[in-house]
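Colleague: Have a look at this prediction, sequence included:
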Amino acid sequence: MSSTVTPPRSVVLPRHAAALVEVVSITVALGLSQLAAGLVAPASAPFQAVADTVVRLSPEWLIEFGKSLEFPALGIGRGVADKLALLVSIGAVILLVAVAAGLASRRRPLPGRAVIAALGVVGLAAVIFSPVFAPLNLVAPLVALVAGLAAFGRLYALVTRAEAVPADRSGGLSRRRVLLGAVAVGIAGIGAAVAGSSLGGAAARSRSALFGRIRPVQPAPPLPPGADFASVGSPTFLTANRDFYRIDTALRIPEISAEAWAMRIHGMVDRELRLTYDDLLARPLLEQAITLTCVSNEVNGNLISTANFTGVSLRDLLLEAGVAPGAEQLFSTSIDGWTAGTPADVVLRPDSGALLAIGMNGEPLPPEHGFPVRMVVPGLYGFVSATKWLADLEVTTFDAKQAYWLQRGWAQRAPIKTQSRIDRPRPFETLTPSPGGTVALAGIAWAQQRGITKVEVRLDQDGPWRPAQLTPQVNLQTWRMWRIDLALPTGSHYIQCRATDATGTTQTADPAPPIPDGAAGWPGIRFAVA
């Protein structure tokens with residue numbers, strides 16, 4: 001009598017089960033790697049490292065598009081919206097890849113394993129080739145790779161068994177229980193990611209402990225009466241920290257405590273300086289009002305703010321180090337790897353006002369504005385002067401090293417242009433005359449290191465230029481406000497303004513885009529009088 005052996009039936013996983021296994025496995029990989037990064041090195045999370053790599057390799061037009069994004073309905077403005085959009089986009093791509101890999105793994109696990117391994121290698125490469133790579137940063141991407149493959153192997157085996165074994169002989173291993181268990185594992189992976197993102201806090205505790213300790217020996221002079229025209233629509237002279245514009249490439253605000261912070265001034269110097277945060281606190285701290293401007297600011301744009309910055313004179317530090325002949329730039333590097341090249345001769349001017357800043361508007365630097373230490377160099381657009389989360393300063397030449405934006409074709413020196421802005425009226429706003437029959441128009445003008453001497457206003461393009469009233473000039477490193485009161489007939493109007501600086505240079509009418517060295521042109525607003 002012969003017997004036949006029934007071969008095991010080939011198992012084809014349901015589409016939803018196969019996709020779920022892959023998605024959950026990648027979620028576990030990302031979640032545990034985020035947790036590991038939070039415990040060991042926050043900048044080493046593979047997801048963030050990949051996002052940072054995308055920023056570094058993106059073409060200039062795409063970066064400019066990102067910086068223009070804002071979601072007012074969600075309360076998300078420029079400088080934050082681009083980062084959120086990038087992270088969501090990368091997450092969506094990973095999700096689509098995971099679903100596709102899962103569907104390809106219905107009959108055999110190889111495609112799912114291969115995609116997890118490939119994503120792991122991409123994350124590992126992004127961490128290794130980061131500008132701020134350290135050996136400890138390998139931990140998180142290796143955790144991602146191992147955890148992803150292990151989770152996939154276990155979940156795939158359980159789902160396959162649940163599909164292959166009849167329900168009455170499954171020993172409680174039902175398809176429903178396995179899938180619910182997979183969902184629970186995915187939720188645990190998300191929890192690990194949240195926990196990893198919230199770990200640390202040393203920087204926040206360190207910053208809190210510094211309140212009251214940053215005491216300038218030379219406080220900023222009190223603002224003169226009438227320093228702004230905020231009552232009629234200009235900004236306040238000093239911008240609150242929460243309202244100060246933010247533009248940078250950091251997808252996650254770098255975290256480092258003041259106690260752990262240190263940097264070098266090295267390169268073409270007579271003697272290398274090594275500085276800690278306590279070293280800066282022990283030096284004479286200066287406080288001064290400084291206006292910062294982003295080169296991405298369009299004509300009539302809002303990427304400009306003013307604050308009282310407190311810090312150590314950068315010029316004094318360079319003189320102490322002894323800058324060698326032939327040195328051209330200060331090549332600064334951020335904790336997150338971003339770089340800037342500041343013309344050395346600008347900083348070395350006796351009146352440069354350049355700082356290694358540790359305070360802003362009477363408190364330690366906010367995390368989003370560079371805590372614990374940043375550079376502030378008046379008169380230059382931020383991409384060549386305002387490195388946040390400063391980690392290193394090398395005195396070198398422009399030929400020897402090219403900074404982040406210079407590699408993308410932006411200007412090498414980038415002095416801020418003489419510019420003005422209209423704050424009132426807003427575009428298409430309808431103004432009601434005062435009891436005296438006039439309407440107040442107001443705005444700002446700036447020409448850092450030169451100062452504003454005149455602002456003129458013109459109505460309806462063919463009208464005469466009329467001088468506006470100016471606030472007192474607080475210092476040459478800050479903006480200046482203007483206003484003009486006009487009796488205007490009812491109906492539609494168009495206003496333009498232009499500024500003249502202390503050198504006699506008047507703001508040009510010729511339009512220019514922000515890139516490579518700052519926007520130009522006369523701002524214009526159409527409005528109505530009721």
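Modeller: Okay, I see it. Quick caveat, the model's predicted, so the values are computed rather than measured. Numbering: from 1, shown residues only.

Colleague: Show me what the helix or strand of the chain with the lowest mean pLDDT is in contact with.
Modeller: Ranked by mean pLDDT, DSSP states H and E, the helix or strand of the chain with the weakest confidence is helix 60-67, at a mean of 77. Applying CB atoms under 8 Å, 6 or more residues apart in numbering, the contact partners of helix 60-67 are 55, 58, 78-79, 82, 85-86, 247, 296, 408-410, 514-515. (C-beta placed from N, C-alpha, C; glycine too.)

Colleague: Out of those, which is nearest to L199?
Modeller: The shortest approach to L199 among those belongs to L86, at 22.6 Å (CB to CB).

Colleague: is it fair to say the closest one lies in a strand?
Modeller: No - if the criterion is DSSP: H, G, I helix; E, B strand; the rest coil, then L86 is helix and not within a strand.

Colleague: Would you mind confirming that it is in contact with V54?
Modeller: Yes - using CB atoms under 8 Å, L86 makes contact with V54 at a distance of 6.6 Å.

Colleague: So the two - more neighbours on which side?
Modeller: L86 (19 against 16; other CB atoms under 10 Å).

Colleague: all strands of the stretch 251-400 of the chain, in order?
Modeller: For the stretch 251-400 of the chain, the strands defined by DSSP state E, counting those that start in this stretch cover 262-267, 273-276, 286-293, 304-313, 329-334, 339-343, 355-360, 363-364, 374-376, 390-396.

Colleague: and of these, who's closest to L431?
Modeller: For L431, the closest of those is strand 304-313, at 23.8 Å, according to CB to CB.

Colleague: In JSON lines, list the strands of the stretch 251-400 of the chain along with mean neighbour count.
Modeller: Converted to JSON lines, those look like this (neighbours: other CB atoms under 10 Å):
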{"stretch": "strand 262-267", "mean neighbour count": "18"}
{"stretch": "strand 273-276", "mean neighbour count": "15"}
{"stretch": "strand 286-293", "mean neighbour count": "24"}
{"stretch": "strand 304-313", "mean neighbour count": "23"}
{"stretch": "strand 329-334", "mean neighbour count": "25"}
{"stretch": "strand 339-343", "mean neighbour count": "23"}
{"stretch": "strand 355-360", "mean neighbour count": "25"}
{"stretch": "strand 363-364", "mean neighbour count": "18"}
{"stretch": "strand 374-376", "mean neighbour count": "24"}
{"stretch": "strand 390-396", "mean neighbour count": "21"}
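
Colleague: For V28, find the nearest of those strands.
Modeller: Nearest to V28, of the strands of the stretch 251-400 of the chain and by CB to CB, is strand 329-334 at 31.6 Å.

Colleague: Show me what the closest one pairs with in its sheet, parallel or antiparallel.
Modeller: Strand 329-334 has these partner strands in its sheet, going by DSSP bridges: strand 339-343 (antiparallel), strand 390-396 (antiparallel).

Colleague: pLDDT weak spots in the stretch 201-350 of the chain?
Modeller: Scanning the stretch 201-350 of the chain for pLDDT under 70 picks out the ranges 201.

Colleague: wait, what's in contact with the residue most central in space within the chain?
Modeller: The residue lying closest to the centre of the chain (CA atoms, centre = their mean) is D248, at 2.7 Å. For D248, the contact set (CB under 8 Å, 6+ apart) comprises G79, W338, K388.

Colleague: Next, it: secondary structure please.
Modeller: State at D248, reduced to three classes by three-state DSSP: coil.

Colleague: which intervals of the stretch 51-200 of the chain have sub-threshold pLDDT?
Modeller: Filtered on pLDDT under 70, the stretch 51-200 of the chain yields the residue ranges 131-132, 165-173, 200.
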